[in-house]
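Undergrad: Could you look at this predicted model? Sequence included:
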Amino acid sequence: MKHYQEHSLVRLYKGDDFMWALSPVQGDYILISFPQPIHISGYVFRSGNSKATGDKFYNTTVEVLPSHTTAEDKLLAASPTKSKQSDGSFIVIGEFNNGVAAGEIREALQPISALRLVVHSDSDVWALLSEVHIKI
(Lines give C-alpha, C1' and ligand atoms only; values in the text may rest on other atoms or scores of the structure.)
Protein backbone atom coordinates (compact mmCIF):
# COMPACT_ATOMS: atom_id res chain seq x y z
CA MET A 1 0.00 0.00 0.00
CA LYS A 2 1.27 3.41 -0.86
CA HIS A 3 1.32 5.77 2.12
CA TYR A 4 0.73 9.52 2.15
CA GLN A 5 3.74 11.73 2.91
CA GLU A 6 5.48 10.51 6.09
CA HIS A 7 2.49 8.54 7.42
CA SER A 8 4.05 5.09 6.99
CA LEU A 9 3.51 1.70 8.60
CA VAL A 10 7.02 1.80 10.05
CA ARG A 11 6.29 5.06 11.86
CA LEU A 12 2.97 3.69 13.14
CA TYR A 13 4.61 0.51 14.43
CA LYS A 14 7.28 2.57 16.25
CA GLY A 15 4.51 4.63 17.89
CA ASP A 16 5.56 7.88 16.16
CA ASP A 17 2.58 8.42 13.86
CA PHE A 18 -0.34 6.74 12.08
CA MET A 19 -0.29 5.08 8.67
CA TRP A 20 -2.35 6.78 5.98
CA ALA A 21 -2.72 4.82 2.76
CA LEU A 22 -3.88 6.32 -0.52
CA SER A 23 -7.15 4.72 -1.70
CA PRO A 24 -6.47 0.99 -1.23
CA VAL A 25 -7.37 -1.32 -4.10
CA GLN A 26 -8.30 -4.99 -4.17
CA GLY A 27 -5.25 -7.11 -3.42
CA ASP A 28 -3.38 -4.46 -1.41
CA TYR A 29 -2.10 -5.72 1.90
CA ILE A 30 -0.06 -4.91 4.99
CA LEU A 31 2.33 -7.65 6.06
CA ILE A 32 3.88 -7.89 9.52
CA SER A 33 6.53 -10.63 9.51
CA PHE A 34 8.30 -11.85 12.61
CA PRO A 35 12.02 -12.80 12.49
CA GLN A 36 11.16 -15.88 14.57
CA PRO A 37 7.66 -17.39 14.95
CA ILE A 38 5.93 -16.10 18.10
CA HIS A 39 2.89 -16.94 20.18
CA ILE A 40 0.23 -14.24 19.70
CA SER A 41 -2.84 -14.40 21.91
CA GLY A 42 -4.76 -11.59 20.22
CA TYR A 43 -4.76 -8.45 18.12
CA VAL A 44 -6.41 -5.04 17.65
CA PHE A 45 -6.20 -2.99 14.46
CA ARG A 46 -8.06 0.34 14.52
CA SER A 47 -8.58 2.49 11.44
CA GLY A 48 -9.76 6.08 11.13
CA ASN A 49 -9.31 8.80 13.74
CA SER A 50 -11.16 11.87 15.00
CA LYS A 51 -9.99 14.02 12.06
CA ALA A 52 -10.45 11.40 9.32
CA THR A 53 -13.46 9.43 10.55
CA GLY A 54 -14.32 7.98 7.13
CA ASP A 55 -10.81 6.85 6.24
CA LYS A 56 -11.25 3.29 7.49
CA PHE A 57 -10.49 -0.16 6.21
CA TYR A 58 -13.54 -1.72 4.57
CA ASN A 59 -13.84 -5.28 3.26
CA THR A 60 -10.45 -6.11 4.76
CA THR A 61 -9.49 -9.36 6.50
CA VAL A 62 -6.93 -10.24 9.15
CA GLU A 63 -4.89 -13.32 8.28
CA VAL A 64 -2.15 -15.31 9.99
CA LEU A 65 0.61 -17.52 8.69
CA PRO A 66 1.16 -20.42 11.10
CA SER A 67 4.76 -21.57 11.25
CA HIS A 68 3.64 -25.21 10.93
CA THR A 69 1.52 -26.35 7.99
CA THR A 70 0.13 -29.16 10.14
CA ALA A 71 -1.44 -26.52 12.39
CA GLU A 72 -3.48 -25.07 9.54
CA ASP A 73 -4.58 -28.56 8.37
CA LYS A 74 -5.75 -29.50 11.88
CA LEU A 75 -7.63 -26.24 12.36
CA LEU A 76 -9.37 -26.37 8.99
CA ALA A 77 -10.38 -29.99 9.55
CA ALA A 78 -11.67 -29.31 13.07
CA SER A 79 -13.72 -26.20 12.25
CA PRO A 80 -14.08 -25.61 8.50
CA THR A 81 -16.92 -23.11 8.97
CA LYS A 82 -14.90 -20.91 11.37
CA SER A 83 -11.61 -20.87 9.48
CA LYS A 84 -10.99 -20.08 5.84
CA GLN A 85 -7.75 -20.61 4.02
CA SER A 86 -6.44 -17.68 2.05
CA ASP A 87 -3.56 -17.81 -0.41
CA GLY A 88 0.02 -18.74 0.41
CA SER A 89 -0.88 -20.81 3.52
CA PHE A 90 -2.41 -17.80 5.30
CA ILE A 91 -5.62 -18.38 7.28
CA VAL A 92 -8.35 -15.75 7.65
CA ILE A 93 -9.03 -15.18 11.36
CA GLY A 94 -10.99 -11.91 11.36
CA GLU A 95 -12.17 -8.83 9.52
CA PHE A 96 -12.68 -5.12 9.99
CA ASN A 97 -16.10 -4.07 11.24
CA ASN A 98 -16.79 -0.34 11.56
CA GLY A 99 -13.07 0.33 11.20
CA VAL A 100 -11.86 -2.10 13.88
CA ALA A 101 -10.52 -5.65 13.73
CA ALA A 102 -10.00 -7.37 17.07
CA GLY A 103 -9.84 -10.94 18.20
CA GLU A 104 -7.93 -13.85 19.64
CA ILE A 105 -5.75 -16.34 17.80
CA ARG A 106 -6.43 -20.00 18.51
CA GLU A 107 -3.78 -22.16 20.07
CA ALA A 108 -3.95 -24.59 17.12
CA LEU A 109 -2.40 -21.90 14.88
CA GLN A 110 0.56 -21.12 17.14
CA PRO A 111 3.29 -20.08 16.72
CA ILE A 112 2.70 -17.37 14.12
CA SER A 113 5.23 -16.38 11.44
CA ALA A 114 3.30 -13.38 10.04
CA LEU A 115 0.11 -11.30 10.26
CA ARG A 116 -1.48 -9.77 7.17
CA LEU A 117 -4.32 -7.31 6.47
CA VAL A 118 -5.77 -7.92 2.99
CA VAL A 119 -8.03 -5.48 1.13
CA HIS A 120 -10.71 -7.31 -0.91
CA SER A 121 -12.27 -4.42 -2.87
CA ASP A 122 -11.27 -1.02 -4.20
CA SER A 123 -11.91 1.84 -1.79
CA ASP A 124 -13.25 5.29 -2.66
CA VAL A 125 -11.49 6.76 0.37
CA TRP A 126 -8.05 6.63 1.88
CA ALA A 127 -7.40 4.29 4.81
CA LEU A 128 -5.86 5.49 8.04
CA LEU A 129 -4.49 2.84 10.41
CA SER A 130 -4.25 4.48 13.83
CA GLU A 131 -3.56 1.52 16.13
CA VAL A 132 -1.75 -1.81 15.91
CA HIS A 133 -1.78 -3.89 19.07
CA ILE A 134 -0.38 -7.40 18.96
CA LYS A 135 -0.89 -9.27 22.23
CA ILE A 136 1.85 -11.76 23.04
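TA: Looks like it came in fine.
Undergrad: could you list every residue that touches the closest residue to Arg11 other than its chain neighbours?
TA: Residue nearest to Arg11 in three dimensions, not counting chain neighbours: Asp17, with 3.9 Å by C-beta to C-beta, 6 or more residues apart in numbering. The way it works is simple: take the backbone N, C-alpha and C, and place the C-beta from them, glycine included. Shown here is Asp17, whose contacts under the criterion C-beta atoms under 8 Å, 6 or more residues apart in numbering are 6-8, 11.
Undergrad: Which helix or strand contains Asp17?
TA: Mapping Asp17 onto the secondary structure by DSSP states H and E places it in no helix or strand at all.
Undergrad: now do Tyr13
TA: Under the assignment given by DSSP H and E, the secondary-structure element containing Tyr13 is helix 9-14.
Undergrad: Beta-bridge partners for the residue nearest the centre of the chain, please?
TA: Ranked by distance to the mean C-alpha position of the chain (C-alpha atoms, centre = their mean), the top residue is Leu117 at 3.0 Å. Beta-bridge partners of Leu117, counted by DSSP bridges, are Ile30, Val62.
Undergrad: So His39 is in contact with Ile112, correct?
TA: Yes - checked against C-beta atoms under 8 Å, the pair His39 and Ile112 is within contact range at 7.3 Å.
Undergrad: Please say which of those two ends up with more neighbours.
TA: Ile112 (22 against 12; other C-beta atoms under 10 Å).
Undergrad: Please report how far the more buried one lies from Glu95.
TA: Going from Ile112 to Glu95 by C-beta to C-beta, to the nearest Å gives 18 Å.
Undergrad: cool, and Met1?
TA: In terms of C-beta to C-beta, Met1 sits 17 Å off from Glu95.
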